[in-house]
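Participant: Here is my input, please return the structure:
(one chain, ligands or ions: 2)
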Amino acid sequence: MTDSRDTLYANPLADVSSFSFDQQVVDVFPDMIKRSVPGYATILSMIGTLAERYVTSDSRCYDLGCSLGAATLAMRHNIRAANTQIIAVDNSSAMISRAQQVIAADSHEEVPVTLREALIQSIDVDNASMVVLNFTLQFIAQAERDTLLANIAKGLNTGGVLILSEKVAFADEPHQQLMTDLHHQFKRANGYSDLEIAQKRAAIDNVLIPESLNTHRQRLRNAGFASVDVWFQCLNFASLIAIK
Ligand SMILES: C[S@@+](CC[C@H](N)C(=O)[O-])C[C@H]1O[C@@H](n2cnc3c(N)ncnc32)[C@H](O)[C@@H]1O
Ligand SMILES: O=C(O)C(=O)C[C@]1(C(=O)O)C=C[C@@H](O)C=C1
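Facilitator: Ligands and ions are numbered 1, 2, ... in the order given. Down below sits the predicted model:
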């Protein structure tokens, strides 16, 4: 399986097209996300810890916007309850076909994984004890976010948990500027050039729409979650736990 270095934005592009999860991105995705998202490995590890704690027997887990299945594998390797399954969904056919290979190469077969190529807005969530949205909601149209979260809350069993990880925005402009600068410094320290950072920024503009933590907390409460808060934040990347 390839885990190539992300050089997609290394050379000057005449026209930076909108970011999409196509084959080019799939080919470098593990390297791209690791070098772009502060705390990504920590968040995956905590998804495993939470799966051990929250996944109950005879229930389902959902990984929505699963990409190559990193969160699916974190859950799968840590679930201790009997008779569970994981449903992993992504609407990028290139992601899903590579994810099939990743899952096939994994030996933890006690927990079956079903990969689905679909819009996460269109799937049924049912009898769930754990749902993961790991850096996916930010790519969904804002007008569709309330309905999606209400659908997830409805399909979660009482006491079940949603992990929502997102790039976040800040209400105070100086803070927004500082966090953006520090994130770019993080990328530079991980080997991205100023050109790569600028072109990637242009590509995700209007594609990845971050919201404030207050907006996320409020939406989760409105959707029907009883207990909501942030468990992780590094700069403009955060992860929330919402318990039904
Ligand atoms: C940043 S990646 C997620 C990373 C992944 N969860 C992980 O932990 O490695 C976002 C993913 O969401 C998928 N996606 C975006 N919009 C979607 C939608 N409406 N329905 C399904 N998947 C979507 C993209 O194809 C992409 O694979
Ligand atoms: O904000 C950025 O600069 C990013 O590269 C972040 C981000 C993300 O949060 O999903 C954007 C696209 C890629 O999927 C990997 C990382």
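Participant: Would you state the helices of the chain in chain order?
Facilitator: 23-36, 40-54, 70-76, 93-104, 142-155, 173-189, 194-204, 213-223 (DSSP state H).
Participant: Do the fourth one and ligand 1 come into contact?
Facilitator: Yes. Against ligand 1, helix 93-104 shows contacts by CB under 6 Å from any ligand atom at residue 95. For every residue, glycine as well, the C-beta is placed using N, CA and C.
Participant: Between the helices of the chain, which one is closest to residue 119.
Facilitator: helix 142-155 (9.4 Å; CB to CB).
Participant: which parts of the chain sit against ligand 2?
Facilitator: So the chain meets ligand 2 at 32, 33, 36, 37, 135, 167, 200, 204, 208 (CB under 6 Å from any ligand atom).
Participant: isn't residue 51 right next to residue 72, touching?
Facilitator: No. Look at residue 51 against residue 72 with CB atoms under 8 Å: they stay out of range, at 10.0 Å.
Participant: Around ligand 1, pick out the residues from this structure.
Facilitator: Checking the chain against ligand 1 by CB under 6 Å from any ligand atom, the hits are 21, 33, 65-67, 70-71, 89-92, 95, 119-121, 134-136, 139-140.
Participant: what pairs with the spatially most central residue of the chain across the strands?
Facilitator: Residue closest to the average C-alpha location in the chain (CA atoms, centre = their mean): residue 134, at 1.9 Å. Beta-bridge partners for residue 134, by DSSP bridges, are residue 165.
Participant: That's all I had, so thanks and see you.
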